[in-house]
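J.: here is my input, please return the structure:
(one chain, ligands or ions: 1)
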Amino acid sequence: MSGPDLTKTPATAPAVPAPTGEGGGALLLRGVGMDFHAGRRRPAGAPAIPTLVGVDLAVAPGEFVCIVGASGSGKSTLLRLVAGLIRPTEGQVTLDGRPVEGPGPERGLVCQSGALFPWRTAAANIAFGLELLPMPRAERRRRVAWYLNEVGLEAYGDRLPGQLSGGQRQRVAIARALACEPRVVLLDEPFGALDVQTKEDMQLFLRQVWADTGTTVLMVTHDVEEAVFLGQRVVVLASDPGRVVADLPVRLPAGRDLGTRRDPAFLELRAEVEDLVRLHHRAHTSRLAATAG
Ligand SMILES: Nc1ncnc2c1ncn2[C@@H]1O[C@H](COP(=O)(O)OP(=O)(O)OP(=O)(O)O)[C@@H](O)[C@H]1O
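T.: Numbers count the residues shown, from 1 in each chain. Here you go, the predicted model:
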């Protein structure tokens, strides 16, 4: 993986060394299970089946892994467990050998809506996480400038989120997550709300940012094409209970462009993953029908 492109650093902002993946980012889920109602009275109508069971997943430092699966298969739950927003009822999540016990700056989360602070400018949004870290003000300013530049928004630092397009807002959200130089970036359907063209641009942009920073990426998407285009591996979840049913390597060149989508290897893997998602979705809906009947 290449290092950061320092030629892109603005004259006013000396280069901030970006993470290279050598600083860690090894994620391990061992026997992870999540039952939201464990040990509590189950609310009427709540499913008796746990959300996730027996999830084993290893992500190497600097790897880009995508998770796909039908709606309700537990994709977001898995990401929230890794983010430390919720604790598993079974098993353990570790980052570089240390148990994940809550949120932390070494794991940056980006969700579909971006969730920017509407009263803060783009630059101030990116600065937010840095303000919580012990860091001289000049260093914070340098990092904000570097990441604004990295996401191609150096001219937009003073804009409020309401004055940015959807794609620009997501770029700010990604820059905000990256600015703390996390060992792992967690992305939950980050481009789900964007139009097709902007989504394609953002996918290319994300591959570039990943190549520049070398950070580990774990991304949830329901878009199989996006997962195969972006990931080095695609993990497929099935529902009821949510579990891993496939973990497939993406054997495509590292330098991906829009032509990659016409590569026979791409088309073959996309079809294989779509079939798996469909198969497990059908099995799920027939189980529901049988229960209702
Ligand atoms: N806080 C919660 N309390 C109870 N159940 C929950 C909670 N969060 C999620 N669930 C349940 O866990 C299951 C998986 O939800 P999750 O959002 O992880 O799925 P998903 O695969 O991300 O779905 P989608 O693709 O529709 O976003 C669902 O049945 C959902 O109702």
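
J.: backbone phi and psi for the closest residue to the ligand within the stretch 151-293 of the chain, please?
T.: For the stretch 151-293 of the chain and the ligand, the shortest gap (Cβ to the nearest ligand atom) falls at residue 222, measuring 5.1 Å. From N, CA and C alone the C-beta is placed, and that goes for glycine too. Note on residue 222: backbone dihedrals following degrees, to the nearest 10 are phi -100, psi 0.

J.: what about residue 58, neighbour count?
T.: A count of nearby residues for residue 58, using other Cβ atoms under 10 Å, gives 13.

J.: okay, it: pLDDT?
T.: Residue 58 is assigned 96 on the pLDDT scale.

J.: quick check: it is in a helix.
T.: No - counting by DSSP: H, G, I helix; E, B strand; the rest coil, residue 58 is not part of a helix but strand.

J.: tell me the average confidence for stretch 183-199?
T.: Computed over stretch 183-199, the mean pLDDT rounds to 86.

J.: quote the end-to-end distance of that stretch.
T.: Terminal residues of stretch 183-199 are spaced 25 Å apart (Cα to Cα, to the nearest Å).

J.: buried ones in that stretch?
T.: Of all the residues in stretch 183-199, those buried under the rule 16 or more other Cβ atoms under 10 Å are 183-192, 194, 198-199.

J.: and the stretch 51-200 of the chain, which residues reach the ligand?
T.: Within the stretch 51-200 of the chain, the positions adjacent to the ligand are 51, 69, 71-77 by Cβ under 6 Å from any ligand atom.

J.: in helices, which of the residues you listed fall?
T.: Under the assignment DSSP state H, these contribute 75-77 to helices.

J.: can you pick the most crowded of the residues you listed?
T.: residue 75 (25 neighbours).

J.: now do it against residue 145, distance only.
T.: Noted for residue 75: a distance of 34 Å to residue 145, by Cβ to Cβ, to the nearest Å.

J.: the strands in the stretch 151-293 of the chain, which residues?
T.: For the stretch 151-293 of the chain, applying DSSP state E, counting those that start in this stretch gives strands covering 184-188, 216-220, 233-238, 243-249.

J.: residues contacting the spatially most central residue of the chain?
T.: The centroid of the chain falls nearest to residue 187 when counting by Cα atoms, centre = their mean (2.0 Å). Contact analysis of residue 187 by Cβ atoms under 8 Å, 6 or more residues apart in numbering lists 109-110, 174, 206, 217-220.

J.: excluding chain neighbours, what is closest to residue 257?
T.: residue 204 (7.2 Å; Cβ to Cβ, 6 or more residues apart in numbering).

J.: could you do residue 85 as well?
T.: residue 103 (6.2 Å).

J.: same deal with residue 239?
T.: Nearest to residue 239 is residue 73, by Cβ to Cβ, 6+ apart, at 4.1 Å.

J.: looking at the chain, which helix or strand is least sure?
T.: Ranking every helix and strand in the chain by mean pLDDT, DSSP states H and E puts helix 264-292 at the bottom, with a mean of 82.

J.: what does stretch 128-141 contact?
T.: Outside stretch 128-141, the residues within contact range by Cβ under 8 Å, 6+ apart are 13, 105, 108, 117, 120, 127, 143-144, 176-177, 179-180.

J.: and residue 202, how far from residue 191?
T.: Counting by Cβ to Cβ - residue 202 and residue 191 are separated by 5 Å.
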